[in-house]
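J.: Need coordinates for the below:
(one chain, ligands or ions: 1)
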Amino acid sequence: MNKKRAVVTGGAGFLGSHLCDALLGEGWSVIAVDNLLTGRRANLNHLKNEPAFEFVEQDVCEPFDVGKVDYVFHFASPASPVDYSIHGIETLKVGSLGTFHSLDVAHKNGARFFISSTSECYGDPLEHPQKETYWGHVNPIGPRSVYDEAKRFSEAVTMAYRRYHKVDARIVRIFNTYGPRMQLNDGRVVPNFMKQALRGEDLTVYGDGNQTRSFCYVSDEIDGFMRLAKSDEPLPVNIGNPNEFTILECAKVVLEITGSQSKIRYEPLPQDDPKQRRPDISKARQLLGWEPKIDLATGLRLSLDYFKKAVAEEAAVK
Ligand code: UDP
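T.: The predicted structure follows:
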């Protein structure tokens with residue numbers, strides 16, 4: 001019997017590559033499409049000899065065709081605040097044009113569609129924790145808007161294809177996820193702190209460190225995606241870990257796990273940095289029977305070898 005085929009845009013990214021692994025593990029044939037703007041071939045090296053896997057270097061801001069597919073997972077986008085501030089226009093384009101093109105592939109093939117959206121849709125939220133019904137508090141012209149509005153738009157396009165073209169779509173809203181394969185220099189808090197702690201440098205806490213985030217380990221996140229992908233839910237679903245930490249607390253957990261003697265250094269808070277972020281996951285619990293299993297300390301311990309290796313590799317190149 002022929003395997004079912006899935007295409008994953010952004011398949012060389014942190015989450016995209018883990019998703020490829022999960023799909024292959026469930027017997028899918030997988031095509032990863034990526035223009036390698038922020039994705040990395042190294043994330044897919046372990047699949048080099050996997051016959052059910054194919055990599056296509058392609059920018060989904062251009063129309064694309066990878067043959068017959070049964071599922072389209074649209075994960076392409078810069079996702080860290082540093083990456084999307086450097087690549088602001090590309091971020092807007094992949095959220096808009098890239099989403100149209102990915103939806104066109106699903107529509108043409110009668111395939112299911114799954115889009116990675118984000119808690120950034122909630123902006124600097126006035127409702128806490130954030131339920132899927134909350135419409136958000138987003139600055140449409142601030143530095144984060146290239147990502148927030150691109151993702152909000154991509155949700156709107158996805159819903160429109162559902163309404164007008166009957167594309168069978170799923171929307172996941174992802175909250176801060178971490179784990180192996182994150183880029184060491186993408187500027188996000190976990191890779192920054194892990195890198196700084198392992199090098200014995202100061203941990204850079206932005207603002208007073210009392211802003212909060214809720215960190216989800218990658219295997220929990222991917223488990224949530226797979227459950228949602230198989231469900232019939234057409235509306236957005238939060239997938240994230242509801243355990244909320246201040247950034248200062250997160251720094252302390254990193255210091256504990258790495259055994260580092262690094263100090264904390266305070267730096268200015270970036271503009272529009274959300275003050276708090278925590279998913280309400282009642283919907284995922286009820287609908288998918290999903291909830292995260294791995295707490296922050298455990299997840300950081302599971303990520304430690306990866307970050308040690310990445311730090312050593314970077315030091316060897318310099
Ligand atoms: N942050 C920090 N130090 C760093 C990197 C980030 O204090 O070296 C803070 C950042 O200001 C934000 C939080 O950590 O409040 C999470 O930032 P990240 O870039 O990981 O993602 P965000 O949730 O803002 O998209």
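J.: residues in this protein within reach of the ligand, list them.
T.: Proximity of the chain to the ligand (Cβ under 6 Å from any ligand atom) is limited to residues 80-81, 176, 187-189, 192, 204-206, 211, 213, 247, 269-270, 273. C-beta coordinates here come from the backbone N, C-alpha and C atoms, glycine included.
J.: go again using 5 Å as the cut-off
T.: 81, 188-189, 192, 204-206, 211, 247, 273 (Cβ under 5 Å from any ligand atom).
J.: Looks like residue 90 contacts residue 76 (just checking).
T.: No: Residue 90 is beyond contact range of residue 76, at 9.9 Å (criterion: Cβ atoms under 8 Å).
J.: These two - which one has more neighbours?
T.: residue 76 (31 against 22; other Cβ atoms under 10 Å).
J.: Need the three-state assignment for the more buried one.
T.: Put simply, residue 76 is coil when judged by DSSP: H, G, I helix; E, B strand; the rest coil.
J.: give me every residue that touches it.
T.: The contact partners of residue 76, by Cβ atoms under 8 Å, 6 or more residues apart in numbering, come to 9-10, 13, 16, 33-35, 39, 60, 94, 98, 102.
J.: likewise residue 294?
T.: With Cβ under 8 Å, 6+ apart, residue 294 has these contacts: 217, 219-220, 241, 302.
J.: I'd guessed residue 80 sits against residue 188; true?
T.: Yes: using Cβ under 8 Å, residue 80 makes contact with residue 188 at a distance of 4.6 Å.
J.: list residues touching both of those two?
T.: By Cβ under 8 Å, 6+ apart, no residue touches both residue 80 and residue 188.
J.: quick revisit: can you tell me which of the contacts of residue 76 lies nearest to the ligand?
T.: Nearest to the ligand out of the contacts of residue 76 is residue 13 (Cβ to the nearest ligand atom; 15.0 Å).
J.: What number of residues are in the vicinity of the closest one?
T.: Neighbours of residue 13 (other Cβ under 10 Å): 29.
J.: residues in contact with it?
T.: Contacts of residue 13 by Cβ under 8 Å, 6+ apart are 34, 38-40, 43, 75-76, 79.
J.: who's whichever residue of the stretch 201-318 of the chain sits closest to the ligand bridged to?
T.: Closest to the ligand within the stretch 201-318 of the chain is residue 206: 3.6 Å, counting by Cβ to the nearest ligand atom. Judged by DSSP bridges, the bridge partners of residue 206 are residue 267.
J.: mind checking how far it is from residue 81?
T.: As judged by Cβ to Cβ, to the nearest Å, residue 206 and residue 81 stand 10 Å apart.
J.: circling back: ok, the contacts of residue 13 vs residue 125, which is closest?
T.: residue 79 (18.5 Å; Cβ to Cβ).
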